[in-house]
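Participant: Make a model of this:
(2 chains)
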Amino acid sequence: MASTRCHKRTPSVTSSGWDNFGGLGRKMSKFLKPDRVVGLIFMALGVLSLIEARKLLPFRTQGVAGDDTFPFLLGFTMLILGASVAFALKPRNLSVSWPKGKPGKAFLESAGVMIAYAILIPYLGYAPSTFLASASLLHSIGRYRWSICLISGAGLAVAFHFIFGIWLQMPFPMGIFGI
Amino acid sequence: MAFFGVVLGTLVGVLPGLGVSSTIAILIPLTAVLSPSSAIIVMAGIYYGAQYGGSTTSILINIPGEVSAVPTLLDGYPLAQQGRAGPALGIAAIASFFAGTTGLLGLTFLAPILADQAMLFGPPEYFGLMVLALTVMVSLSGASLVRGLLVGTFGYLISLVGIGHTTAFPRFCYGAVVLSGGFDLISISIGIFAVAEVFTGIGESRVAIAPKKIGNVFPSLSEMKQSLPAMLRGGTVGFLLGLLPGCAPAVTTFLAYDLEKKVSKHPERFGKGAMEGVASPEAANNATSSSGFIPLMALGIPCSPPLAILLGGLMIYGLQPGPLLFDQHPEFVWTVIASMYIGNVMLLILNLPLVGFWARLTRVPYGILGPIILIVSVVGTYTLRNNMFDVTTSLVFGAIGYLMRKYEWPTVPLVLCIILGPLVEKSLVQSLSMSDGDPMIFLTRPICLGLLITALILLIVSLRLMRVTKEKDVDVMG
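Facilitator: Here you go, the predicted model:
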């Protein structure tokens, strides 16, 4: 019984503690609407711009205006506009829907492939990484069979290599395979 | 030679990342075996051929091949999604031909007279012009002007990253050498428009860009009638502003698009697939390209980076552009001008039959087209400066663009302000240096004052138009 009572009481104590914190959290989440978050980010960018302007001021070569003038004006404008979005304007109640299920999976897979592609190009070289990225993207977006994706990916990589690498002589990273 | 130039130029325009400037620069040594006239004809063909090609990918797959093609995608891509890519491409080709040829007529008959007018523009006048261009922000901001302006300031901030104009001291670089070269506008545009669009399509399980049956692939007579005044207006704006050094097609196309929206009886259609929204910037784009040759040939002043390289090409062949060029080498000048007329006709002949083929690309399954667009985006951004930083930039801005779409923040002011940023800053700093810091310089010079007053009027008109569009949208939505 004692144990049960204890079990019953513990959450109540905890919840009362969290209630205060949760109240603050709720207030915070109510205040931090996407528009307000963006407004705050822009205010921070404005401060950054003003700091940069101050840093550039001693390097001014002409008396009245220099490389610091525009960052200063911009920082000031960003602060005002950011503050108005964060505090003055009524934030919108947007219902943003994110991809779920199969589209969500394809979305995440494709995003992962693109990041991996950008990382792999310098190491594997342009042609092999294009082959891997094309095949993976065809599989994640088109849901084609792997065999088809690999053949099509190879075809795409060869086509791109021919157009950009051989014909237009674009200097792409060769990577470990030297292709 | 003109045919070779325009075909190559169209290809340069279609493939994102392959800049006109770099292509001309690469070709200069290769054209050494040709006569001066033939070499310049090839290079000029590349220059204005690229203006045609840039619109194709903008309309079809939302990738601007050139920055000047960004306004075209605002209405071109929605038209493609509605299964009207064919008429949109047709109108773009006709508008380009129409304005390009009109611009050439100006080059033929008015070159020396108009070139002198460009000399009246000093830094304060450029600043006035850039303020005028800034009024476009209002119509590109969508539902909220403040949000549009805020996005615009972000664009300006991005444009500041790199080496400063007056001190050559790095700004916003924080010790990162890779940032000292600044951000490339094309890589940002590809991220914001193409990468974000593909991921939106993946999230929506899109079947194709235009899943419905494609109708007529050529523009109808009524569409032509509807677009003709837009071509005239866009062509005029592009031609006149193209005379000014530094006023690139990217600026004039935005101004022409904005003008079209302002004069339209139904501004609410813009951004949703208005044919005039394609005709006007395309006309402006090609008119600017043609009129840019006027100060180049008559004064030796290049209006844009590709023309600066072309100027270098002329000098390699011992030709000094300027007032004397018309007297000393008339055979060269008139051969080049005649080839431009031929090149324009060739571009129309080359592009119109391909309209049907291009339009059918919008029915290719998204499972195939999506990966191709993403791969082309990466390859295209890499080829800009041959570094991975641009690729990373396009992916990061792809994510930013996707979030901006989701949370309904306007994306176009970002691109516009990255274009205008360096121009505004340079003209502001130079003007203030000229006047010892006295801002009255902007109000005491007649052209600058006129431009600022026009900007104020346009701002008031834009704000009024914004309210009308909002009211009409509310009416439509019920």
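Participant: For chain B, give me its nearest residue in chain A.
Facilitator: A:Gly142 (2.4 Å; C-beta to the nearest C-beta). Every residue, glycine included, has its C-beta placed from N, CA and C.
Participant: shouldn't that residue be in contact with B:Ile372?
Facilitator: No - using C-beta atoms under 8 Å, A:Gly142 makes no contact with B:Ile372, being 10.6 Å away.
Participant: one step back: and the closest residue to the residue of chain A closest to chain B other than its chain neighbours, how close does it get to B:Thr57?
Facilitator: Nearest non-adjacent residue to A:Gly142, counting by C-beta to C-beta, 6 or more residues apart in numbering or on different chains: B:Gly367, 2.4 Å away. Note on B:Gly367: its distance to B:Thr57, by C-beta to C-beta, to the nearest Å, is 19 Å.
Participant: Between those two, point out the one with more neighbours.
Facilitator: B:Thr57 (28 against 21; other C-beta atoms under 10 Å in any protein chain shown).
Participant: ok, the residue nearest the centre of chain A - contacts?
Facilitator: Taking C-alpha atoms, centre = their mean, the centroid of chain A lies closest to A:Ala111, which sits 10.6 Å from it. For A:Ala111, the contact set (C-beta atoms under 8 Å, 6 or more residues apart in numbering or on different chains) comprises B:Phe199.
Participant: Just the element for it, please.
Facilitator: helix A:101-124 (DSSP states H and E).
Participant: Next, the buried residues of that helix.
Facilitator: A:103, A:106-107, A:109-111, A:113-114, A:117-118, A:120-122, A:124 (16 or more other C-beta atoms under 10 Å in any protein chain shown).
Participant: Could you pull up the contacting residues of A:Gly125?
Facilitator: Applying C-beta under 8 Å, 6+ apart to A:Gly125 gives the contacts A:172-179.
Participant: if you set the cut-off to 6 Å instead, what comes out?
Facilitator: A:Gly125 is in contact with A:173-175, A:177, A:179, counting by C-beta atoms under 6 Å, 6 or more residues apart in numbering or on different chains.
Participant: what's the answer for B:Leu414, then?
Facilitator: B:Leu414 neighbours (C-beta under 6 Å, 6+ apart): B:151, B:154-155.
Participant: Check A:His161 too.
Facilitator: Counting by C-beta under 6 Å, 6+ apart, A:His161 has contacts A:Ala127.
Participant: Check B:Val198 too.
Facilitator: B:370, B:373-374.
Participant: name the element it belongs to?
Facilitator: helix B:196-203.
Participant: What is the burial count for the nearest residue to A:Ala118 once chain neighbours are set aside?
Facilitator: Nearest residue to A:Ala118, sequence neighbours excluded (C-beta to C-beta, 6+ apart): B:Val391, at 5.2 Å. Using other C-beta under 10 Å, B:Val391 has 24 neighbouring residues.
Participant: so B:Val391, which of the three states?
Facilitator: Classification of B:Val391 by DSSP: H, G, I helix; E, B strand; the rest coil places it in helix.
Participant: That one contacts B:Thr381, doesn't it?
Facilitator: Yes - the pair B:Val391 / B:Thr381 is scored as a contact, 5.1 Å apart, by C-beta atoms under 6 Å.
Participant: what sits against B:Glu260?
Facilitator: B:230, B:276, B:280.
Participant: How is chain A partitioned into domains?
Facilitator: A:1-31, A:33-91, A:101-167 (automatic domain parsing).
Participant: Take those and write them to CSV, including mean pLDDT and distance to B:Ala208.
Facilitator: CSV is the format used below for the domains of chain A (pLDDT from 0 to 100; distance: least, C-beta to C-beta, whole Å):
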stretch, mean pLDDT, distance to B:Ala208
domain A:1-31, 52, 40
domain A:33-91, 89, 31
domain A:101-167, 92, 12
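Participant: between these, which gets nearest to B:Ser68?
Facilitator: Proximity to B:Ser68 (C-beta to C-beta) singles out domain A:101-167 among those, at 22.5 Å.
Participant: any idea how far A:Ala157 lies from B:Ile375?
Facilitator: Distance from A:Ala157 to B:Ile375, by C-beta to C-beta: 9 Å.
Participant: Could you tell me which residues touch both of those two?
Facilitator: With C-beta under 6 Å, 6+ apart as the test, A:Ala157 and B:Ile375 both reach A:Ser134.
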